[in-house]
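S.K.: Any chance you can model this:
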Amino acid sequence: MPQQSGPIQLAQAEHPAPAGETHAAQGAGGHHQYELGDIPSAGLLFSNALMVAALLIFLGWLFRRKMDAVPGKVQNFGEFIVESMVNFTRGIIGPGGEKYVPLVGTLFFFIFVGNLWGLIPGFHAPTANVSTTFALGLIVFLYVQYTGIRSNGLKGYLKHFAGPIPWLSPLIFPLEIVSELARPLTLAMRLFGNIFGEDTVIIVLATLGATMLPAIPIPLHIFILPLALLTAFVQAMVFSLLTCIYLSLVSHHDSEHEAHGHSPGHGHPGIEQVGMVP
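M.R.: Modelled structure (predicted):
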């Protein structure tokens, strides 16, 4: 999804550039000189996404470089992260959910580090681009469909969309299909909207601080940075949580759902076993 760059018109701009000058500033070949307040192009954010991926690969190699019987601080920290991700995934999906940790963990850390990447001066959060977030949502969507067919067979997978009441199936089936197809879009827009909005607020506050007293700029955006750190974590957690829920809904056979049908609230299979429900 190519995304055309364009400046955000800040309220404090005294001399906004005319449209003709904006296009002229791009130069030959569509080259754009980015300034404070501009929306980076998809290509620039893609390069930042590659840097985030390279950083995660390097950290993974660093944690696995030296595995000792008596772990040191680095190995202890790495094992803590892996154990926490296993417990999180198994707690949502149920027994056997640990096999989805590579997918869920990769999504979580890529989104989390990508969200934080935009807080570094000179870099841009790849998750502030809808192309990146939609690609992540599409990966989840395709893997969920693959898991549903592999776990239940094609017939059981299609039966999942028909609902429990046969005579309502002609009505429920198309609604369920539309709901399933909307999932990658909702995942993408939720993540994109929150991170892009957060980055925009930081840019506006930084610009306000620079224009209020040009001789001594006031870093107004510093006050929102703790909230930005929290948002980065929460959005990564929400994306991973929804991925686990979608996998839980399609990875258990009908017989397993019926076996848990007597439990109050009909919660996700496996939640009771791991102690999440008293």
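
S.K.: Over to residue 55: give its phi and psi.
M.R.: Dihedral angles phi and psi of residue 55 (degrees, to the nearest 10) take the values phi -60, psi -40.

S.K.: do the same with residue 141
M.R.: Listed backbone geometry of residue 141 is phi -60, psi -50, with angles given as degrees, to the nearest 10.

S.K.: residues near the closest residue to it other than its chain neighbours, how many?
M.R.: With C-beta to C-beta, 6 or more residues apart in numbering as the measure, residue 184 is the residue that lies nearest to residue 141, at 4.2 Å, once sequence neighbours are left out. Backbone N, C-alpha and C define where each C-beta goes, glycine included. Close neighbours of residue 184, defined as other C-beta atoms under 10 Å, add up to 20.

S.K.: quick one: residue 184 and residue 137 touch, right?
M.R.: Yes - here residue 184 lies in contact with residue 137, judged by C-beta atoms under 8 Å, at a distance of 3.5 Å.

S.K.: The stretch 151-278 of the chain: helices as residue ranges?
M.R.: Listed in chain order, the helices of the stretch 151-278 of the chain (DSSP state H, counting those that start in this stretch) span 169-212, 225-250, 254-259.

S.K.: Deepest in the core, which of the ones you listed is it.
M.R.: When neighbours are counted by mean count of other C-beta atoms under 10 Å, the highest per-stretch mean among those falls to helix 225-250, a mean of 18.

S.K.: which secondary structure elements does it contact?
M.R.: Using 3 or more C-beta pairs under 8 Å, 6 or more residues apart in numbering; DSSP states H and E as the contact definition, the elements that helix 225-250 packs against are helix 73-93, helix 101-117, helix 130-162, helix 169-212.

S.K.: and the angle from the longest one to helix 101-117?
M.R.: For helix 169-212 against helix 101-117, the angle by axes from the mean of the first three to the mean of the last three C-alpha atoms, to 10 degrees is 30 degrees.

S.K.: Give me the mean pLDDT for helix 169-212.
M.R.: Computed over helix 169-212, the mean pLDDT rounds to 83.

S.K.: ok and that helix relative to helix 225-250, angle-wise?
M.R.: Compare the direction of helix 169-212 with that of helix 225-250 by the same axes, to 10 degrees and you get 170 degrees.

S.K.: Select, out of the helices and strands packed on helix 225-250, the one closest to residue 250.
M.R.: Go through those one by one with C-beta to C-beta and the one that ends up closest to residue 250 is helix 130-162, at 3.4 Å.

S.K.: Quick check: mean pLDDT of that closest one?
M.R.: Per-residue pLDDT values over helix 130-162 give a mean of 88.

S.K.: Can you tell me how far residue 145 is from residue 200?
M.R.: Summarising the geometry, the distance separating residue 145 from residue 200, computed by C-beta to C-beta, to the nearest Å, is 34 Å.

S.K.: should've said residue 74
M.R.: In this structure, residue 74 and residue 200 are separated by 37 Å, where distance is defined by C-beta to C-beta.

S.K.: Ok, residue 137 next?
M.R.: Distance of residue 137 to residue 200, given as C-beta to C-beta: 21 Å.
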